[in-house]
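Peer 1: I'll drop the sequence and a predicted model, then ask my questions.
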Amino acid sequence: MENAPLVAQVMSYTLIAVGLLIGLGALGTAIGFALLGGKFLEGSARQPELTPMLQTKMFIVAGLLDAVPIIGVAIALLLIFSNPFLAQFAGK
């Protein structure tokens, strides 16, 4: 039980890291979607005949852009439920 304060400290730092990971990932994705939508509207306004092609490419990029926060959430869930930093305390 001498490791209890250290385990609590590692868990608190892990939760801070998870919050930053999810929050900054969501912020970056929101900025990316804003830029993507703005450029799509600019391109469609300049050349309306290219709108279907631009829309297809926009949706492909949007799908790739969505992968960033999904990967971040997966890493966050790994850190919360199967914390690799706490494995060193299990052997002691």
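Peer 2: Perfect, I can see it now.
Peer 1: buried ones in the helix or strand where P52 lies?
Peer 2: Under the criterion of DSSP states H and E, P52 resides in helix 51-81. Across helix 51-81, burial judged by 16 or more other Cβ atoms under 10 Å covers 54, 58, 69, 72, 76, 79. Where C-beta positions appear, they are placed from N, C-alpha and C, glycine not excepted.
Peer 1: and which of these is nearest L86?
Peer 2: When the buried residues of helix 51-81 are ranked by distance to L86 (Cβ to Cβ), L79 comes first, at 10.0 Å.
Peer 1: That closest one contacts G19, correct?
Peer 2: No - using Cβ atoms under 8 Å, L79 is not in contact with G19, being 10.7 Å away.
Peer 1: where does this structure have low pLDDT?
Peer 2: Where the chain drops to pLDDT under 70, the residues are 1, 90-92.
Peer 1: Could you rerun that using 80?
Peer 2: 1-3, 87-92 (pLDDT under 80).
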